[in-house]
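Novice: Need the 3D shape of this:
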Amino acid sequence: MADYRSVEIEILGETYKYKVDEPEEVINKILEAIKVDVEDYSKSFGKSKVNHILLLMLLNEKLNTIKAKNQIKEIIKKFDSLVEPPKNEDQTNETVFYWE
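Specialist: Numbers count the residues shown, from 1 in each chain. The predicted model follows:
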């Protein structure tokens, strides 16, 4: 079972509390990045629009995740097309790579 611990962060005067099981250094980096981004966006949207800002950030993250997954699929597809399996059993088991 995961070992959860409490973390909290204050953003624009509001305190947010969460239970996490990720390493502290990872969570701290993420929370700090979120805090900085929200505070930067609040300069354009206003401090009262925290929910809108957080939704915008979530949408951006989801878009970036989809783009990254598609790029990984393309890399795998390209890599697969570069690998040629041995043509018969007389050949060695070495994999041959052809680079463009």
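
Novice: What mean pLDDT does the one helix or strand Ile27 maps to get?
Specialist: Per DSSP states H and E: Ile27 is located in helix 24-45. Helix 24-45 carries an average pLDDT of 92.

Novice: any idea how far the helix or strand just after that helix is from the chain center?
Specialist: Downstream of helix 24-45, the first helix or strand assigned by DSSP H and E is helix 50-82. The chain centre lies 8 Å from the centre of helix 50-82; the measure is Cα atoms, centre = their mean, to the nearest Å.

Novice: Tell me which residues of helix 50-82 come out buried.
Specialist: Val50, Ile53, Leu54 (16 or more other Cβ atoms under 10 Å). All C-beta spots, glycine's among them, are computed from the backbone N, C-alpha and C.

Novice: elements contacting that helix?
Specialist: helix 24-45 (3 or more Cβ pairs under 8 Å, 6 or more residues apart in numbering; DSSP states H and E).

Novice: one more time with 10 Å, if that's ok
Specialist: strand 5-11, strand 14-20, helix 24-45, strand 96-97 (3 or more Cβ pairs under 10 Å, 6 or more residues apart in numbering; DSSP states H and E).

Novice: which regions of the protein lie under the pLDDT threshold?
Specialist: The chain contains residues with pLDDT under 70 at 1, 84-100.
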